[in-house]
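[1] attaching a predicted model along with its sequence, questions to come.
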Amino acid sequence: MSWLGPEGWQAVTLSLKVSIWASLLTLPFGIFTAYALARWHFPGKQLVNGLVHLPLILPPVVTGYLLLLAFGTQGPLGSLLQPLGISFAFRWTGAALAAAIMGFPLMVRAIRLSIEAVDPKLEEAAATLGASPLWVFGTVTLPLILPGVIAGTILGFAKAMGEFGATITFVSNIPGQTQTLPSAIYAFLQVPGGESAALRLVLISVGVAMTALILSEILARRASKRLGGM
Amino acid sequence: MLSVALRQKLSEFSLEISFEAPPGVTVLFGGSGSGKTTVVNAVAGLNRPETGHVALNDRVLFDLDRGIWLPPHRRRIGYIFQEGRLFPHLTVQQNLLFGRWFAPKGAAREDLDRIVTMLGIAPLLSRQPGDLSGGEKQRVAIGRALLASPDLILADEPLAALDEARKEEILPYFERLRDEVKIPVLYVSHSAAEVARLATSVVVLQDGKVQRQGSAAEVLSDDRVMPTGVRAAGALLEARLKRHHPDGLSELEAGGLPLFLPQLRQNPGSLLRVRILAQDVILSRHKPEGLSALNILPGTVQHIRGGNGPGAMVSLKTDAGRVLARITQRSAKALELEEGIHCYAVVKSVAIARGDVSGKIHGDAGSKLGETP
């Protein structure tokens, strides 16, 4: 802990908290969106598809600024949520929101690909056996896309860990509040003699990313082994 | 009793059919692209025709004129697909029990052990579908459909994806299904051999229309349904097994006429259906003597139909039932065959394969023999 210094340690724990919340809370939405895009035909599907992918192609600063406009205390959504006790501006929740939005397209993409790989004929078979659409999803589709869901979650998590531009624009860089790992690295590099502290954070960053990748590999392999080596 | 009526435009033609399926196995028979699968998928609720209605006993599955459309999961139908469609993430046992979770509480439950024994799949229960052979998969698929306590079984060419040996492996299970399970079965097939072995009644589809409907024996020996060029054309005779001879032959009796077949597995006294392919039948104007063939059936020519090729299909009425013979038009002319002429159908015993003989006959078929055991 002393090796990292209190500020560095704070940044690491905050980043983990932000990323775990961001990836887990977006997961149900991610699965729903991926399913809708993979299986349903509805008007405006291309628009939804474009909106989901927008954070991937917009400059992160622009995404951050748009979030600030929408979810800031004066923004339309921010002022709507304020009375419910939900506020994002300059808080860690804002960092989680930014990370979630930035990771969402990656998550949806991974899950959508795995849904498209599921043979709809299996779902038809489940329906003829008496399973309602919700049960078909729970007992056939979801187990079959589990490797994709795991991959999507880890991708979302990794993106959240690395998110910088949108976060710093939306919730700034307040140590202990909104200073995530990348923001902390950036801050250390701005002060003379901060390089060694920055380097330690970089090592942590690489370590977390590698762990996430290996973990997802193991989980996905275990899940697909359960599918009889599909 | 299942009653079906529907209309739907398909790419090549429009499907417009109505038929009723009595208890037992009703085979929807027709070439590929005749609309068979469209019919069963509509019955199952997997595709929606433009208009029509399907009722199972008193239960309306859909009636589009009245705006009724039950979703597939509320139809209580066991669907056996061509490709099995087992769930790859579940074990065989979990696959078998899948439908049971969703069956209504009051439904008559098929016993797992009984079905597993009937299908011979006990050793497979803990395996994953990925490790099964095609024939094993199909047996599990049959069991899965049965265990969902369905009111109707649909089977869409369940043997088409299998090779001949595997077909022989599965067909007996469908025979047992017909004889041991009291659920109506709608079975799609383009194979006359399957019709001959399984069908209680047959609905012949062609270009989206019902061309003919009747018992298996009636339809298979109807030369208007079976085109002359079709090698699979042949008549179905119902016969009782009399005895097994020590020289490896089994003696049967059909309408008072003896039939000799290579050794059968069934027990003497059992009622069998024997399929005699039209191409295995020779016709003779006089009672043949000094001939190696053992089966000689006297009869009268009902009609002769020539096709585009050199062949002709002769339909012969015998005491054993209607027999079809596929001969050349030249022979028909040389023998001066015409309606009402008396002649003899000659069939070599070894021409009748075991696969062309099937066990117990369902329903009223036995009464036609006019004999009780």
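    Great, that's in hand.
[2] CA only for contacts and neighbour counts going forward, please
    Noted.
[3] helices or strands next to the strand or helix carrying A:Gly8 in the packing?
    Assigned by DSSP states H and E, A:Gly8 belongs to helix A:5-39. For helix A:5-39, the elements it packs on are helix A:92-116, helix A:142-162, helix A:181-190, helix A:195-226, judged by 3 or more CA pairs under 8 Å, 6 or more residues apart in numbering or on different chains; DSSP states H and E.
[4] again, only using 7 Å
    Applying 3 or more CA pairs under 7 Å, 6 or more residues apart in numbering or on different chains; DSSP states H and E, we find helix A:5-39 packed against helix A:92-116, helix A:142-162, helix A:181-190.
[5] name the SS class of A:Gly78, please.
    Secondary structure, DSSP: H, G, I helix; E, B strand; the rest coil: A:Gly78 is helix.
[6] on that earlier part again, just name the most buried of the helices and strands packed on helix A:5-39.
    When the helices and strands packed on helix A:5-39 are scored by mean count of other CA atoms under 10 Å in any protein chain shown, the highest mean neighbour count falls to helix A:92-116 (a mean of 26).
[7] just give the nearest non-adjacent residue to residue 24, would you?
    Looking at chain A here, since you left the chain open. Distances taken as CA to CA, 6 or more residues apart in numbering or on different chains put A:Thr153 closest to A:Leu24, at 7.3 Å, once the chain neighbours are dropped.
[8] can you look at chain B instead?
    B:Pro184 is the one closest to B:Gly24 (CA to CA, 6+ apart), at 5.0 Å.
[9] hang on, that neighbour packs against B:Glu20?
    No. Between B:Pro184 and B:Glu20 there is no contact under CA atoms under 7 Å: 11.2 Å.
[10] residue boundaries of the helices in the stretch 251-373 of chain B?
    All helices of the stretch 251-373 of chain B, identified by DSSP state H, counting those that start in this stretch, fall at B:329-334.
[11] got the residues of chain B near chain A?
    B:44, B:72-74, B:76-79, B:85, B:87-89, B:99, B:102-103, B:128, B:130, B:148 (CA under 7 Å from any CA of the partner chain).
[12] list the ones among those that fall in helices.
    Among the residues of chain B next to chain A, the members falling in helices (DSSP state H) are B:Ala44.
[13] let me know the secondary structure of A:Trp135.
    helix.
[14] contacting residues for it?
    Contacts for A:Trp135 (CA atoms under 7 Å, 6 or more residues apart in numbering or on different chains) come out as none.
[15] hmm, back to that, quick check on the residues of chain B next to chain A: which are buried?
    Among the residues of chain B next to chain A, those buried by neighbour count (16 or more other CA atoms under 10 Å in any protein chain shown) are B:44, B:72-74, B:76-79, B:85, B:87-89, B:99, B:102-103, B:128, B:130, B:148.
[16] stretch A:162-182: how far from the chain's middle?
    Mean C-alpha position of stretch A:162-182 versus that of the full chain (CA atoms, centre = their mean, to the nearest Å) differs by 15 Å.
[17] if we can go back for a sec, out of B:Pro184 and B:Glu20, which sits in the busier spot?
    Taking neighbours as other CA atoms under 10 Å in any protein chain shown, B:Pro184 and B:Glu20 compare with B:Pro184 leading, 22 against 17.
[18] where does the more buried one fall, phi/psi-wise?
    Phi and psi for B:Pro184, reported as degrees, to the nearest 10, are phi -60, psi 150.
[19] check the gap between it and chain A for me.
    16 Å (CA to the nearest CA, to the nearest Å).
[20] so what's that residue up against?
    B:23-25, B:152-153.
[21] low pLDDT regions in the stretch 201-350 of chain B?
    Per-residue confidence for the stretch 201-350 of chain B (pLDDT under 70) gives these ranges: B:223-232, B:307-308.
[22] by proximity to chain A, which residue of it wins?
    B:Val203 (23.4 Å; CA to the nearest CA).
[23] gap between stretch B:286-299 and the chain center?
    With CA atoms, centre = their mean, you get 30 Å for stretch B:286-299.
[24] which residues in the stretch 51-200 of chain B form strands?
    B:51-56, B:59-63, B:68-69, B:77-80, B:152-156, B:185-189 (DSSP state E, counting those that start in this stretch).
[25] pipe these into CSV and attach mean pLDDT per row.
    Converted to CSV, the strands of the stretch 51-200 of chain B look like this (pLDDT from 0 to 100):
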stretch, mean pLDDT
strand B:51-56, 92
strand B:59-63, 92
strand B:68-69, 92
strand B:77-80, 93
strand B:152-156, 93
strand B:185-189, 92
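[26] deepest of these, which one?
    It is strand B:77-80: most buried of those by mean count of other CA under 10 Å, with a mean of 28.
[27] and the end-to-end length of stretch B:263-279?
    Using CA to CA, to the nearest Å, one end of stretch B:263-279 lies 22 Å from the other.
[28] pull out the buried positions in that stretch.
    B:263-264, B:266, B:271-279.
[29] which members of those residues define the maximum pairwise distance?
    By the measure CA to CA, B:Gln266 and B:Gln279 form the most distant pair in the buried residues of stretch B:263-279, at 25.7 Å.
[30] now do the contacts for the residue nearest to A:Leu24.
    Here A:Thr153 is in contact with A:23, A:27, A:107 (CA under 7 Å, 6+ apart).
[31] let me know the closest of those residues to chain B.
    For the contacts of A:Thr153, the nearest to chain B is A:Leu27 (21.9 Å; CA to the nearest CA).
[32] chain neighbours aside, what residue packs nearest to the closest one?
    Using CA to CA, 6+ apart, the nearest residue to A:Leu27 is A:Thr153, at 6.8 Å.
[33] helices along the stretch 101-250 of chain B, start to end?
    Under DSSP H, counting those that start in this stretch, the stretch 101-250 of chain B gives helices at B:112-119, B:134-147, B:164-180, B:192-198, B:216-220.
[34] re earlier: for A:Val12, find the nearest of the strands of the stretch 51-200 of chain B.
    Closest among the strands of the stretch 51-200 of chain B, using CA to CA: strand B:77-80, at 55.0 Å.
[35] fine by me, thanks again.
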